[in-house]
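> from the sequence below, what's the structure:
(chains A and B)
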Protein chains: 2
Amino acid sequence: MRFTSERRLDDGVLEREFTLGEIPGTLWTPGSSPAPLVLMSHNNGLPKADPRLVARARYTASRGYAVATIDAAGCGDRPRSAADERVRADLRRAMQAGEPVDEIFESFIGPLVENAVPEWQTTLDAVLELPETGDRVGYSGGWTALGIRLAVAEPRIAAAGFFAGGYVPRAQREEARRVTVPLLFLLQWDDEGNPRQRALDLFDAFGSKEKTLHANLGGHTGTPWFELEDGCRFLDRHLK
Amino acid sequence: MRFTSERRLDDGVLEREFTLGEIPGTLWTPGSSPAPLVLMSHNNGLPKADPRLVARARYTASRGYAVATIDAAGCGDRPRSAADERVRADLRRAMQAGEPVDEIFESFIGPLVENAVPEWQTTLDAVLELPETGDRVGYSGGWTALGIRLAVAEPRIAAAGFFAGGYVPRAQREEARRVTVPLLFLLQWDDEGNPRQRALDLFDAFGSKEKTLHANLGGHTGTPWFELEDGCRFLDRHLK
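The predicted model follows:
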């Protein structure tokens, strides 16, 4: 793990870019250590530099967490295969034409999740070796499908916050019942591209004994600011 | 308004019983004044001395609110008409026999709400005259039907927290779209006696631009303790 840049933010949070082999990542750490670690993702391969992800990460770090994110294979600015480019073009075309996109999403997001998981696990191994991190780990992600896969595959993850705002492949919808950690599931009631009933069915499917749904009025990007606080309080209950 | 008993609790909260004409009530006030007022109800005529209501009220007062509750006409230990007694007996019989109870609830809860509203308004008038209360008013109630009616009829109510755990008469389901104050709607995902879809439809129907649903796994009485904190933070955002 090699740190390539470092910046101290106003509230004492240290923001560092790193590389881990081919994986580019960002790590935010609070003033005090060791801090519980939060793996924070953005939906379906959006870049780790996305301002909404960065804002969430900085806030969460200011609340006493180490926060790590990466661009996994095929995500962010990482190279994409010709097949990837083709399916993304198909997706854009289908969306503009108002055609059904489930099967395209399935062929696109399914492999993206499968390829991302080992890189997130490599990152988890490396970040947990730093003296800045304690041994409690949570997941907080716009990328619910990745979160489901990780929560099932990774016994180190002790709590998870998901955002019901992206396509979840069949494989992850099916293994949702195997997710058993405490869960906070965030839903935008009028999310344009994500059927509400499918999100409610997914919430219902999770195997966790403690699971909470927070639904707010509004579209995909309209999550109110207080959910950021609520998300940290959820993590506080399980990681501190 | 006549105070009939007074008790200082450990956390500085003053708990006083009162009567207001025929209406018996309880008022909790925090150490500091004036405090925003919360009208706190329990579902469908359950007594104001119910331990769960008292625990919620004491906690909310300890967070800096004046909290008032009453036994409205036909509620708690107040006298019931022969017709009331008959319909309650019908209800018990139907529930034991596993028969549909919607029409019985309709004939029972509808008038109970109508009769309760003027007494809650009388209480609001009286409590707001006390130096202990400020001019901001919220509603927090197990009794959602009463809350809907009050939120529509009472411009003084600035925010409302409802619990989706009781029968809401048709009249209140219809006027839900006229509720426009910020809203926190609490749902138990597996509430035995209350169909989940009906609760989700009611949440959808509210006219409020800011509305949040919190749903937790478990049955009618299984609401987790952290929802009490969340409820106070919701009130803090709108009444403080």
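
> for chain B, what are the nearby residues on chain A?
Residues of chain A lying close to chain B by CB under 8 Å from any CB of the partner chain are A:189, A:200, A:203-204, A:208-217, A:224, A:226, A:229-230, A:233, A:237. Glycine gets a C-beta too; all of them are placed from N, C-alpha and C.

> ok, of these, which come out buried?
A:189, A:200, A:203-204, A:208, A:210-217, A:224, A:226, A:230 (16 or more other CB atoms under 10 Å in any protein chain shown).

> tell me which of those fall in strands.
Taking DSSP state E, the ones among those that sit in strands are A:211, A:212, A:213, A:214, A:215, A:216.

> turn those residues into a markdown table, columns for pLDDT.
Output for those, formatted as a markdown table (pLDDT from 0 to 100):
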| residue | pLDDT |
| --- | --- |
| A:211 | 98 |
| A:212 | 98 |
| A:213 | 98 |
| A:214 | 98 |
| A:215 | 98 |
| A:216 | 98 |
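
> export those residues to a markdown table and append columns for distance to residue B:86.
Output for these, formatted as a markdown table (distance: CB to CB, whole Å):
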| residue | distance to residue B:86 |
| --- | --- |
| A:211 | 42 |
| A:212 | 41 |
| A:213 | 40 |
| A:214 | 42 |
| A:215 | 40 |
| A:216 | 43 |
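
> which member of these is positioned nearest residue A:63?
Using CB to CB, residue A:214 comes nearest to residue A:63 of those, at 17.4 Å.

> what about that closest one, distance to residue B:167?
25 Å (CB to CB, to the nearest Å).

> thinking again about what came up before, just flag the most distant two among the ones in strands among the buried ones among the residues of chain A next to chain B.
A:211 and A:216 (17.2 Å).

> mind naming the longest helix for chain A?
helix A:102-128 (DSSP state H).

> same question for that one: list its buried residues.
Here helix A:102-128 shows A:104-105, A:108-113, A:116-117, A:119-120, A:122-124, A:126-128 as buried, counting by 16+ other CB under 10 Å.

> ok, now stretch A:168-188?
In terms of neighbour count (16+ other CB under 10 Å), stretch A:168-188 has its buried residues at A:168-169, A:172-173, A:175-176, A:179, A:181-188.

> tell me the pLDDT of the residue nearest to residue A:211 when sequence neighbours are not counted.
Of all residues not flanking residue A:211 in the chain, residue A:183 sits nearest, at 4.1 Å (CB to CB, 6 or more residues apart in numbering or on different chains). Here, the pLDDT recorded for residue A:183 equals 98.

> quickly list what residue A:183 is bridged to.
residue A:160, residue A:211 (DSSP bridges).

> list the contacts of it.
A:159, A:160, A:161, A:162, A:206, A:208, A:210, A:211, A:212 (CB atoms under 8 Å, 6 or more residues apart in numbering or on different chains).

> how about residue A:6, secondary structure?
Judged by DSSP: H, G, I helix; E, B strand; the rest coil, the three-state class of residue A:6 is strand.

> these two touch, right, it and residue A:26?
No - counting by CB atoms under 8 Å, residue A:6 stays clear of residue A:26, with 11.0 Å between them.

> which of these two has more neighbours?
residue A:26 (20 against 11; other CB atoms under 10 Å in any protein chain shown).

> that one contacts residue A:15, doesn't it?
Yes - using CB under 8 Å, residue A:26 makes contact with residue A:15 at a distance of 6.7 Å.

> what about residue A:134, how many neighbours?
Look at residue A:134: counted by other CB under 10 Å, it has 16 neighbours.
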